[in-house]
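Novice: dropping the sequence and predicted coords here.
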Number of protein chains: 2
Amino acid sequence: MDGPVSRRSVRPTLETVAREASVSRQTVSNVLNAPHLVSDGTRRRVEAVIARTAYRPVRAGQTLRTRRSYLIAVGLATPAEDRAEVEHRFLHALTERAELRGYRTLLYTAENDEAEIRAFESLLSEHDLDAFVLTGTHIDDERTAWLYQQAIPFVTFGRPWRSVAQHSWVDVDGASGVLAATRHLIGLGHRRVAFLGWPEGSGVGDDRHAGWLAACDEASLPMDGLVVRMENSLAEGRAACAQLLQSGDPPTAFVCVSDAVALGAWAELTARGIQPGQQAAVVGFDDSAAAALVGLSSVAQPLGEAAVACLDCLHNLLEQPAGNSSAPERLLLDPRLMLRGST
Amino acid sequence: MDGPVSRRSVRPTLETVAREASVSRQTVSNVLNAPHLVSDGTRRRVEAVIARTAYRPVRAGQTLRTRRSYLIAVGLATPAEDRAEVEHRFLHALTERAELRGYRTLLYTAENDEAEIRAFESLLSEHDLDAFVLTGTHIDDERTAWLYQQAIPFVTFGRPWRSVAQHSWVDVDGASGVLAATRHLIGLGHRRVAFLGWPEGSGVGDDRHAGWLAACDEASLPMDGLVVRMENSLAEGRAACAQLLQSGDPPTAFVCVSDAVALGAWAELTARGIQPGQQAAVVGFDDSAAAALVGLSSVAQPLGEAAVACLDCLHNLLEQPAGNSSAPERLLLDPRLMLRGST
DNA sequence: ATGAAAGCGCTAACAC
DNA sequence: GTGTTAGCGCTTTCAT
């Protein structure tokens, strides 16, 4: 096998291509960026040289000139046991689709809003980032306010919760997902359907709760004493399930705000010898690997679609003729109910 | 609140700073990149102006001149239920630590070696990537061969398995992790300790198997009929556990090659009314969220350390005076046994 | 120790 | 439709 060899052997530039095709550098540039300005003959001749020499424009030159980097920044959430999977799948879809459009995704980390804004500043001034994709939107989000104020292109995966900033966003309709799940359980004959949720006040949690509410309401099912709120953990989900089972008229189905909580309920049922899917039903949210592993039905977010939608939003912001800023887009995607053994 | 405002208001350049500090652009550049060449007085004066104007060098200019982008590319694995968590934690640590050293991480995706090499090419020629971090090394890895042949700086998280390419790598000592786990079980009094592993031939799986082998060997414990090999899934782990339990002299402990397999064993034991941690023991590998959720003991990879080590390797490759390529580094990190209820 | 000149690769603006 | 000129922000080289 050959040993290492310098990779700097031949590196065609615009100049090289121009010379070989007997045109000016500008014409080569036009073939690439504004082909309609070039006559067919010239265009083909230049394209042939480009293909033969495997010429590729150097981004740094373009960036220096145009202030566009074709780089999109994405924040990487601090590893909290629960978010990793969703984050990973979204990121993968986003990166893969961005590549198709000639963009690359750049990662950054930040512990809080303030740190994230500092990250924006340095990303912007150093690498001329074209746009940002934010996740984990929350009430009083300083990040979106800052970006909006600076007129920097961005989109959030997660709708704004009481935000002053006008911006494009993409989100998954949690209420609709939970509604579908609850309806399914009701259709199966369940008449006492419990909801294991997060404490009130988190936009996402309240949204999912609303879906359960709507389903029970439309079927005129009881709701009193069937809601338990807790932090997001298996242990708490398990305890909540136990608590409900001990009540006089226990539920037969458990709709859960997350897979962690649902797995807790699942564990409690199993421990009591109650087979999920037979004598009782459980549904989670997020379609995690663990859910698939134990056969837990769960509401799956369309992460690939969400990523594409985010890129569409950015496209509209970035490829817009300057000054002509169109209205922000809002897109709510429907999740999909993944049915497994637990229902 | 104020409406959006153009962010192009003031953008100090070297020129700006030079003028305000009454020095040449070159001196400002030296203050930043070679402070020892500048007299104390001048340096302080220039630094003051830099601070006041919040000047930051534009990477595109530097990159154009020096062919260094301060960008490190990392491949994002295709979402396979199992890898997401490890990948996410490694990526987070890598990005966070890279930022501290003035580097940013750029993501790319690729379905296979060939596609990944094409990604290298375009990343290199377009964005002048400084280095690559690869994961998921495997036998006959074309990626490392290519990078090595092109003399491009890179490091792998995962040791080379029969590779011709000489390169720096960082890996976690799976054998040592499983050895520690098995020893722990033996110390607890278990005399028939089973190993649930992957099919032979995967470097990683064989490595972990070797740890179990060594522990049983040193304690003169039986090994015959105590190994079951399977694909990585909960279902197969469960079946394997059931199969072993039905044998004449069933094992009392199960050392597993992954959390997925271990969770399968855990599920089978629970279903049979055998309490993991009481009448039987189970240990997994990777310290996944699911393991923490159900109280499964597991071997945890030191992902943060691994990320730092990868960056150290890259540092040595990148900051090296040209031509003076030091020998590749190899680093095997010890994992940590996370003890929970299942043992 | 500091400054001046040149040029990295590219495209905007304008001339023809 | 094509070429010429200028310059994006930075660092290398060389002169002082």
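Specialist: Structure received.

Novice: do you know how far the spatially closest residue to residue A:61 that is not a sequence neighbour is from residue A:64?
Specialist: With C-beta to C-beta, 6 or more residues apart in numbering or on different chains as the criterion, residue A:61 has its nearest non-adjacent residue at 5.9 Å, and that residue is residue B:64. Placement of C-beta: from N, CA and C, glycine included. Note on residue B:64: its distance to residue A:64, by C-beta to C-beta, to the nearest Å, is 6 Å.

Novice: same check on residue A:274?
Specialist: Residue A:274 is 66 Å from residue A:64, by C-beta to C-beta.

Novice: tell me which of those two has more neighbours.
Specialist: residue A:64 (19 against 16; other C-beta atoms under 10 Å in any protein chain shown).

Novice: burial of residue A:328, as a residue count?
Specialist: For residue A:328, using other C-beta under 10 Å, the count is 16.

Novice: now swap in residue A:54 and tell me
Specialist: Neighbours of residue A:54 (other C-beta under 10 Å): 11.

Novice: wait, it sits on residue A:16?
Specialist: No - counting by C-beta atoms under 8 Å, residue A:54 sits too far from residue A:16 to count as a contact (11.0 Å).

Novice: okay, and the common contacts of those two?
Specialist: With contacts defined as C-beta atoms under 8 Å, 6 or more residues apart in numbering or on different chains, no residue is shared by residue A:54 and residue A:16.

Novice: residue A:93 - that's part of a strand, no?
Specialist: No - under the criterion used here (DSSP: H, G, I helix; E, B strand; the rest coil), residue A:93 is helix, not part of a strand.

Novice: can you count the residues close to it?
Specialist: Residue A:93: 21 surrounding residues under other C-beta under 10 Å.

Novice: OK, contacts around it?
Specialist: Each residue near residue A:93 by C-beta under 8 Å, 6+ apart is listed here: A:303, A:304, A:306, A:307, A:308.

Novice: how about the nearest residue to it, chain neighbours excluded?
Specialist: Going by C-beta to C-beta, 6+ apart, residue A:93 has residue A:307 as its nearest residue, at 3.6 Å.

Novice: same thing with residue A:96?
Specialist: residue B:109 (4.5 Å).

Novice: mind checking pLDDT for the one you found?
Specialist: For residue B:109, the pLDDT comes out at 97.

Novice: report how many residues lie close to it.
Specialist: Neighbours of residue B:109 (other C-beta under 10 Å): 21.

Novice: before we move on, what about residue A:332?
Specialist: By the measure other C-beta under 10 Å, the count of residues near residue A:332 is 14.

Novice: spit out the contact partners of it.
Specialist: By C-beta under 8 Å, 6+ apart, the residues touching residue A:332 are A:159, A:171, A:172, A:173.

Novice: what does residue A:175 give?
Specialist: By C-beta under 8 Å, 6+ apart, the residues touching residue A:175 are A:207, A:208, A:210, A:211, A:214.

Novice: for the second one, which non-adjacent residue is closest in space?
Specialist: Nearest residue to residue A:208 in three dimensions, chain neighbours excluded: residue A:174, at 4.2 Å (C-beta to C-beta, 6+ apart).

Novice: do the same with the fourth one
Specialist: In space, residue A:211 comes closest to residue A:178 once its chain neighbours are excluded; the distance is 3.0 Å by C-beta to C-beta, 6+ apart.

Novice: right, and the helix or strand after the helix or strand containing the one you found?
Specialist: If you go by DSSP states H and E, residue A:178 is part of helix A:174-187. Note on helix A:174-187: by DSSP H and E, the next helix or strand toward the C-terminus is strand A:193-197.

Novice: now the angle from that following strand to helix A:174-187?
Specialist: 150 degrees (axes from the mean of the first three to the mean of the last three C-alpha atoms, to 10 degrees).

Novice: which strands and helices sit next to strand A:193-197?
Specialist: helix A:174-187, helix A:203-218, strand A:227-229, helix A:234-246, strand A:253-256, helix A:259-271 (3 or more C-beta pairs under 8 Å, 6 or more residues apart in numbering or on different chains; DSSP states H and E).

Novice: can you list the strands that it pairs with?
Specialist: strand A:227-229 (parallel), strand A:253-256 (parallel) (DSSP bridges).

Novice: the residue lying closest to residue A:171 once chain neighbours are set aside: neighbouring residues, count only.
Specialist: Counting by C-beta to C-beta, 6+ apart, the nearest residue to residue A:171 once its immediate chain neighbours are dropped is residue A:159, at 4.2 Å. Using other C-beta under 10 Å, residue A:159 has 18 neighbouring residues.

Novice: what about the strands in the stretch 51-200 of chain A?
Specialist: A:71-75, A:104-108, A:131-135, A:154-157, A:168-172, A:193-197 (DSSP state E, counting those that start in this stretch).

Novice: for the ones you listed, which one sits closest to DNA strand C?
Specialist: DNA strand C sits nearest to strand A:71-75 of all the strands of the stretch 51-200 of chain A, at 15.4 Å, using C-beta to the nearest atom of the strand.

Novice: report the angle between that closest one and strand B:71-75.
Specialist: 70 degrees.

Novice: counting contacts, what elements does strand A:71-75 pack onto?
Specialist: helix A:84-100, strand A:104-108, helix A:113-127, strand A:131-135.

Novice: if we use 6 Å, what do you get?
Specialist: strand A:104-108, strand A:131-135 (3 or more C-beta pairs under 6 Å, 6 or more residues apart in numbering or on different chains; DSSP states H and E).

Novice: tell me the buried residues in that strand?
Specialist: Buried residues in strand A:71-75, counting neighbours by 16 or more other C-beta atoms under 10 Å in any protein chain shown, are found at A:71, A:72, A:73, A:74, A:75.

Novice: picking up where we left off before, angle of the helix or strand hosting the residue nearest to residue A:93 against strand A:71-75?
Specialist: For residue A:307, the element it lies in under DSSP H and E is helix A:303-318. Taking the same axes, to 10 degrees, one finds helix A:303-318 and strand A:71-75 inclined to each other by 130 degrees.

Novice: for residue A:289, what are phi and psi?
Specialist: Backbone torsions of residue A:289, given as degrees, to the nearest 10, read phi -60, psi -40.

Novice: format the buried residues of strand A:71-75 as CSV; extra columns: distance to residue A:336.
Specialist: Below are those laid out as CSV (distance: C-beta to C-beta, whole Å):
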residue, distance to residue A:336
A:71, 32
A:72, 27
A:73, 29
A:74, 24
A:75, 26
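
Novice: stretch A:113-124 close to chain B?
Specialist: No - between stretch A:113-124 and chain B, judged by C-beta under 6 Å from any C-beta of the partner chain, nothing touches; the nearest distance is 7.0 Å.

Novice: and the contacts of that stretch?
Specialist: A:73, A:108, A:110, A:129, A:142, A:143, A:146 (C-beta atoms under 6 Å, 6 or more residues apart in numbering or on different chains).

Novice: what mean pLDDT does it get?
Specialist: 97.

Novice: now do that stretch: distance to the chain's middle.
Specialist: 20 Å (C-alpha atoms, centre = their mean, to the nearest Å).

Novice: quick one: low-confidence parts of chain A?
Specialist: For chain A, the stretches flagged by pLDDT under 70 are A:1-10, A:81, A:321-325.

Novice: distance of the residue nearest to residue A:208 from DNA strand C?
Specialist: 42 Å (C-beta to the nearest atom of the strand, to the nearest Å).

Novice: cool, residue A:243 as well?
Specialist: 64 Å.

Novice: burial of that residue, as a residue count?
Specialist: Residue A:243 is flanked by 13 other residues according to other C-beta under 10 Å.

Novice: rewinding a little: turn the strands paired with strand A:193-197 into JSON lines, columns for mean neighbour count and distance to residue A:151.
Specialist: Converted to JSON lines, the strands paired with strand A:193-197 look like this (neighbours: other C-beta atoms under 10 Å in any protein chain shown; distance: least, C-beta to C-beta, whole Å):
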{"stretch": "strand A:227-229", "mean neighbour count": "17", "distance to residue A:151": "40"}
{"stretch": "strand A:253-256", "mean neighbour count": "30", "distance to residue A:151": "41"}
